[in-house]
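*Asks:* Sequence first, predicted coordinates after that:
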Amino acid sequence: MANDRPLEGKTCQVGEKGKQADSNFSYTKIWWIGFGFLGVQLAFTTYNAFLPLMYRAFIESRALIGLLMGTDNLIGLLLIPVVGAWSDRVNSPLGRRLPFVLVALPVAALTFFAIPFASALLWALIITEIIFTAAMHSYRGPVISLMPDHTPPEKRSTANGIINLMGGVGTLIAFGGLALIYDIDPRLTFGIGAVILLLTLLIVFRKADRYPPYIDNTPVESKNPIREAAVGIKVLFRPAYRGQLLVLAAMLSYFIGFAGLDAMFPIYGVETLGLSEGRAAFILTTFAGSFLVFALLAGWIGTRIGKLPAMLIGLALVPVLFLMVIPVRDPVIIGAIFIVAGFAWALVNVQAMPLIADLGGRDRVGFYIGLYYIFTMFGQMIGPFVLGSAMDLMGNQGMFVAGAVVYALGFVLLRAGYNRLADDPEKLARSSQLEQSKTAAGETAGSSQDPN
């Protein structure tokens, strides 16, 4: 169903809804829940930094090492949507999300601790890595879903700014603390990391509500999570859900640009700017650091003007900034441009997950967050190839041209998707999406032929 109302009209509605927010809502609880994402970022940052070094002891081919590291994304693509759909239907005394966190996080911590011990044998390291990534992806979606579960739709941008900031703290702990300890003894790095993971479990378990107020806690039987996820993905291609599909496609598009820049800029820095490998990579910290610094501000802006307007501003700025970099050869000026680009990226990325959570209504948040990870992880997987291909065709500056194009395409797709949504995202956030998706899939809510 097309929706051609102007953005300004929808932005005004955000303020009206904000006045109706539940008086019991507290950002303090979101800070506590953010420890869950702190643990996710800490573990994956450490894993990505040191697993290739461990594989190097057995494998000469860098391509094969990269392929093994890519199992993380593949496992995530397979698990996250299924677990997300499952967590929307779980009925337990601990609610919908916490059972997954309670079961999977200890397994993740145990295998994280075991990684340096398993590194003595290649087959043991591979098995440990697979179990670790499977456990991480089994609780990653549910622990992220706790934020929208506990937050009214009109405040989710600010809340996600908090979550992103906590994730940044996890990354800083990994790089600024655990990485330095690695030279002393890798077992200390992974052992301390495992303890921190278990502490995040304790904090989230104690602070998260069993039955949060902003999701549907009505008991719903889950018969087949894999089929439910497959049906949900199929529904996206129905005309009534074209808006949701276009919004997700926009996120895939701009993540191609984000991941491609992250992977290919060091080559640009060495070959075009004449920098050392370390200095070339260090310039990217201005982009990442700016995102971290501005995450809370970007969330506040999204709360004030609306998620989608904030994202569109960011998506309009990034291509311009990328094109501005092309003639510049001074690393300091490039770093300054990247600081502004990091702010623009925060305007985009801090709003993205809350927007997708809104589209899931009160009963499909976990599944839609799973979809968010499918599309963004796929964008990250192909981003280096896309921007690398542009560099082959146009020279190293082709990286910025292609990056600008995919961010601009994200702007177009996001705007088009918004116009195809059946209603304002924050209204959708307060409705039931499960019954609508079943109807769109050719089912009836009370049918005895329910394929779920």
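*Replies:* Okay, I see it. Model, not experiment: these values are computed from the prediction.
*Asks:* average model confidence for the helix or strand encompassing V101?
*Replies:* Element membership for V101 (DSSP states H and E) is helix 98-118. When pLDDT is averaged along helix 98-118, the result is 94.
*Asks:* just checking, what packs against that helix?
*Replies:* Packing partners of helix 98-118 (3 or more Cβ pairs under 8 Å, 6 or more residues apart in numbering; DSSP states H and E): helix 27-56, helix 71-87, helix 122-150, helix 186-207. C-beta: built from backbone N, CA, C; applies to glycine.
*Asks:* Just give me how far it sits from the chain centre.
*Replies:* 20 Å (Cα atoms, centre = their mean, to the nearest Å).
*Asks:* Give me the buried stretch members for that helix, please.
*Replies:* By neighbour count with 16 or more other Cβ atoms under 10 Å, helix 98-118 contains the buried residues 98-102, 104-116, 118.
*Asks:* Quick check: P331 vs V270, distance?
*Replies:* Note on P331: its distance to V270, by Cβ to Cβ, to the nearest Å, is 12 Å.
*Asks:* same check, this time on S119
*Replies:* S119 is 30 Å from V270, by Cβ to Cβ.
*Asks:* Comparing these two, which residue is more hemmed in?
*Replies:* Taking neighbours as other Cβ atoms under 10 Å, S119 and V270 compare with S119 leading, 22 against 17.
*Asks:* Report the contact partners of that one.
*Replies:* For S119, the contact set (Cβ atoms under 8 Å, 6 or more residues apart in numbering) comprises 54, 57, 125, 186.
*Asks:* Could you check how many residues crowd around L53?
*Replies:* L53: 12 neighbours (other Cβ under 10 Å).
*Asks:* meant to ask about D185, not that
*Replies:* D185: 11 neighbours (other Cβ under 10 Å).
*Asks:* likewise L387?
*Replies:* 27.
*Asks:* Would you check that it makes contact with F265?
*Replies:* No. Judged on Cβ atoms under 8 Å, L387 makes no contact with F265 at a distance of 9.2 Å.
*Asks:* shared neighbours of the two, anything?
*Replies:* Contact criterion Cβ under 8 Å, 6+ apart; residues shared by L387 and F265: M399.
*Asks:* Ok, which of the helices and strands packed on helix 98-118 comes nearest G167?
*Replies:* Judged by Cβ to Cβ, the one of these that comes nearest to G167 is helix 27-56, at 4.1 Å.
*Asks:* who's in contact with the helix or strand following that closest one?
*Replies:* Heading C-terminal from helix 27-56, the first helix or strand you meet, by DSSP H and E, is helix 62-69. By Cβ under 8 Å, 6+ apart, the residues outside helix 62-69 that reach it are 48, 51-52, 55-56, 59, 126, 129.
*Asks:* so the helix holding V101 versus helix 71-87, what angle?
*Replies:* Helix 98-118 runs at 160 degrees relative to helix 71-87, counting by axes from the mean of the first three to the mean of the last three Cα atoms, to 10 degrees.
*Asks:* Now, of the contacts of helix 62-69, which are buried?
*Replies:* 51, 55, 129.
*Asks:* domains for this protein, by residue range?
*Replies:* Using automatic domain parsing, the domain ranges for the chain come out as 27-213, 225-443.
*Asks:* How about the contacts made by the closest residue in space to L125 that isn't next to it in sequence?
*Replies:* Sequence neighbours aside, A118 is the residue nearest to L125 in space, at 4.7 Å (criterion: Cβ to Cβ, 6 or more residues apart in numbering). Going by Cβ under 8 Å, 6+ apart, A118 touches 124-125, 127-128.
*Asks:* What separation is there between A118 and A134?
*Replies:* Distance from A118 to A134, counting by Cβ to Cβ: 15 Å.
*Asks:* Likewise for W32?
*Replies:* Distance from W32 to A134, by Cβ to Cβ: 26 Å.
*Asks:* Now the helix or strand containing W300: average pLDDT?
*Replies:* Assigned by DSSP H and E, W300 belongs to helix 277-305. Across helix 277-305, the average pLDDT comes to 86.
*Asks:* Next SSE downstream of it?
*Replies:* Per DSSP H and E, helix 277-305 leads on to helix 307-325 as the next helix or strand towards the C-terminus.
*Asks:* Just the C-alphas of that following helix, formatted as CSV.
*Replies:* Taking C-alpha atoms only, helix 307-325 is exported to CSV below (Å, rounded to 0.1, in the frame of the first residue of the first chain):
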residue,chain,number,x,y,z
LYS,A,307,14.3,8.0,12.5
LEU,A,308,13.8,8.1,8.8
PRO,A,309,14.5,11.9,8.3
ALA,A,310,17.8,11.5,10.3
MET,A,311,18.8,8.5,8.2
LEU,A,312,18.1,10.4,4.9
ILE,A,313,20.2,13.3,6.1
GLY,A,314,23.1,11.0,6.8
LEU,A,315,22.7,9.1,3.5
ALA,A,316,22.7,12.4,1.6
LEU,A,317,25.9,13.6,3.4
VAL,A,318,28.1,10.5,3.0
PRO,A,319,28.3,10.5,-0.8
VAL,A,320,29.2,14.1,-0.9
LEU,A,321,31.9,13.6,1.7
PHE,A,322,33.3,10.5,-0.2
LEU,A,323,33.5,12.5,-3.4
MET,A,324,35.2,15.4,-1.6
VAL,A,325,38.0,13.0,-0.5
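*Asks:* That one vs helix 277-305, what angle?
*Replies:* Angle, helix 307-325 to helix 277-305, by the same axes, to 10 degrees: 150 degrees.
*Asks:* how far is helix 307-325 from where the chain is centred?
*Replies:* On the basis of Cα atoms, centre = their mean, helix 307-325 is displaced by 19 Å from the centre of the chain it belongs to.
*Asks:* Would you format the contacts of helix 62-69 as a markdown table with pLDDT included?
*Replies:* Output for the contacts of helix 62-69, formatted as a markdown table (pLDDT from 0 to 100):
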| residue | pLDDT |
| --- | --- |
| N48 | 80 |
| L51 | 84 |
| P52 | 81 |
| Y55 | 86 |
| R56 | 83 |
| I59 | 83 |
| I126 | 91 |
| E129 | 90 |
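*Asks:* Columns distance to G383 on top of these, output as JSON lines?
*Replies:* Converted to JSON lines, the contacts of helix 62-69 look like this (distance: Cβ to Cβ, whole Å):
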{"residue": "N48", "distance to G383": "15"}
{"residue": "L51", "distance to G383": "20"}
{"residue": "P52", "distance to G383": "18"}
{"residue": "Y55", "distance to G383": "22"}
{"residue": "R56", "distance to G383": "24"}
{"residue": "I59", "distance to G383": "24"}
{"residue": "I126", "distance to G383": "25"}
{"residue": "E129", "distance to G383": "22"}
